[in-house]
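# Sequence and predicted structure, then a few things I'm wondering about:
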Amino acid sequence: MAKVKGAVVVDVEVCKGCDLCVQTCPEDVLALHREVNSRGYHYSFMKNPESCTGCTNCAVVCPDTCITVYRAKVRA
Amino acid sequence: METKDIIKPENLVYGKSELLIDTIMHYCPGCTHGVVHKLIAEAIGEMGIQEKTIGIAPVGCSVFAYNYIDIDWQEAAHGRAPAVATGVVRLNPDKFVFTYQGDGDLASIGAAEIIHACNRGENMLVIFINNGIYGMTGGQMAPTTIENMVTSTTPCGRDSELNGYPLKMTDLVAQLPGTSYVTRQSAQTAAAVRKCKRALKKGIQNVLDKKGTSFVEVISTCNSGWKMTPVQANKWMEENMFPYYPLGDLKDSEKGEPVSKN
């Protein structure tokens, strides 16, 4: 069966670390980074990239539209 | 498959709308304004009406909406967006005109303008961001502040004996024959955001079909004004605001039709 794998790219400088994407992610992929961007916000990143399914929920709730989502089919 | 193999243009499923300008928004982290701006940009982009859209920016936090969405904008005095929109739409009946207003703007100083614009059935979309507070000026009580809600001018909570009752603007305008589509949405979860986008698109379509005023209220958070984190604010909104401001369509009919009682 073909499996779907996803990946997100966070625009680190635009992210304000509001935590909404982290809470929304059903697969617990995202987390806030220990480091901060140039404006002092703990930006979001993929802590657990292998679990991402590319469902786009994180990007949909992001108030700053800083998340881009990619999805590909993987043949087992 | 490695992450770098997935991140390719052909696998793109969600990206920033072309209508959103690359300016970093001035809104606080987690502000609902950002989500609604994104939805407006996506809806206008998908419907292909960028060239014929005129937005009326309000006074409040979203006064700088014209810096973020790449369409024509007109700024209006506090609360007067529906009056300005009336002039714009009457002179340009083939354009799509919408106003974007907060609750301090629409429900307080602009209450007369919105009621009369909706009563005249001006052909425009009104987007009403209701977070129950004056966010820009420091979190003072707004007409839509719910009972017992703590704000900087009601430190012991809103007392209806002293401050009156919270104003349900959406229920008021739903009673007017000039409105065709009146709905109340929210944008705190992915499902709610997608639903809100469908409502905005329906409102836009109604305006393009010249059905009269469409009114979309979005129950929002002001986490800075409420003194909460964005996640706490969403939870507080679900627990406290939704019982008073229930979500859903209040009216979906043709202009001039009598208001249904169901």
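Yep, that arrived.
# Chain A against chain B: which residues are in contact?
Residues of chain A lying near chain B by Cβ under 8 Å from any Cβ of the partner chain: A:5-7, A:9, A:13-14, A:16-20, A:23-24, A:41, A:46, A:49, A:54, A:56-57, A:59-65, A:67-72, A:74. All C-beta atoms are positioned from the backbone trio N, CA, C, and that covers glycine.
# Contact partners for the closest residue to chain B within chain A?
Closest contact between chain A and chain B, by Cβ to the nearest Cβ, is at residue A:63 (2.9 Å). Residue A:63 is in contact with A:16, A:18, A:20, B:25, B:27, B:29-35, B:38, counting by Cβ atoms under 8 Å, 6 or more residues apart in numbering or on different chains.
# and what of residue B:234?
By Cβ under 8 Å, 6+ apart, the contact set of residue B:234 is A:20, B:188, B:189, B:221.
# Report the secondary structure element holding the residue nearest to the last one when sequence neighbours are not counted.
Read that as residue B:221. Leaving aside its chain neighbours, residue B:221 sits nearest to residue B:233 (3.9 Å; criterion: Cβ to Cβ, 6 or more residues apart in numbering or on different chains). Counting by DSSP states H and E, the element that carries residue B:233 is helix B:230-236.
# and after the longest helix along chain B, which helix or strand comes next?
Across chain B, the longest stretch assigned as helix under DSSP state H is helix B:190-208. Sequence order places strand B:213-219 as the next helix or strand after helix B:190-208, per DSSP H and E.
# Tell me the residues of chain B that contact chain A?
Counting by Cβ under 8 Å from any Cβ, the residues of chain B close to chain A are B:1, B:3, B:5-8, B:11-17, B:20, B:24-25, B:27-35, B:38, B:187-190, B:193-194, B:229-231, B:234.
# what are the bridge partners for the nearest residue to residue B:170 once chain neighbours are set aside, then?
Spatial nearest neighbour of residue B:170, chain neighbours left out: residue B:217 (4.4 Å); criterion: Cβ to Cβ, 6+ apart. For residue B:217, the beta-bridge partners are residue B:128, residue B:184 (DSSP bridges).
# The chain: strands as residue ranges?
Answering for chain A, as no chain was given. A:3-10, A:30-36, A:42-46, A:67-74 (DSSP state E).
# The chain in question should be chain B.
Under DSSP E, chain B gives strands at B:12-14, B:53-57, B:72-75, B:96-102, B:125-130, B:133-134, B:140-141, B:179-186, B:213-219, B:248-252.
# any chance of those strands in TSV, with mean pLDDT and mean neighbour count too?
Below are those laid out as TSV (pLDDT from 0 to 100; neighbours: other Cβ atoms under 10 Å in any protein chain shown):
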stretch	mean pLDDT	mean neighbour count
strand B:12-14	94	16
strand B:53-57	96	23
strand B:72-75	96	16
strand B:96-102	96	27
strand B:125-130	96	27
strand B:133-134	94	26
strand B:140-141	94	19
strand B:179-186	95	25
strand B:213-219	96	27
strand B:248-252	93	15
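# Just put the ones you listed in TSV and tack on distance to residue B:90.
Output for the strands of chain B, formatted as TSV (distance: least, Cβ to Cβ, whole Å):
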stretch	distance to residue B:90
strand B:12-14	38
strand B:53-57	12
strand B:72-75	14
strand B:96-102	10
strand B:125-130	15
strand B:133-134	31
strand B:140-141	34
strand B:179-186	18
strand B:213-219	13
strand B:248-252	23
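# Dump the C-alpha coordinates for stretch B:78-93 into PDB.
The C-alpha coordinates for stretch B:78-93 follow below in PDB (Å, rounded to 0.1, in the frame of the first residue of the first chain):
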ATOM      1  CA  HIS B  78     -13.500  54.800  13.000                       C
ATOM      2  CA  GLY B  79     -16.700  52.800  12.500                       C
ATOM      3  CA  ARG B  80     -17.500  54.500   9.200                       C
ATOM      4  CA  ALA B  81     -16.400  51.600   7.000                       C
ATOM      5  CA  PRO B  82     -20.000  50.700   5.900                       C
ATOM      6  CA  ALA B  83     -20.700  54.300   5.000                       C
ATOM      7  CA  VAL B  84     -17.600  54.600   2.900                       C
ATOM      8  CA  ALA B  85     -18.300  51.100   1.400                       C
ATOM      9  CA  THR B  86     -21.800  52.400   0.500                       C
ATOM     10  CA  GLY B  87     -20.300  55.200  -1.500                       C
ATOM     11  CA  VAL B  88     -17.700  53.000  -3.200                       C
ATOM     12  CA  VAL B  89     -20.200  50.300  -4.200                       C
ATOM     13  CA  ARG B  90     -22.800  52.700  -5.400                       C
ATOM     14  CA  LEU B  91     -20.200  54.400  -7.700                       C
ATOM     15  CA  ASN B  92     -18.700  51.100  -8.700                       C
ATOM     16  CA  PRO B  93     -21.500  48.500  -8.800                       C
END
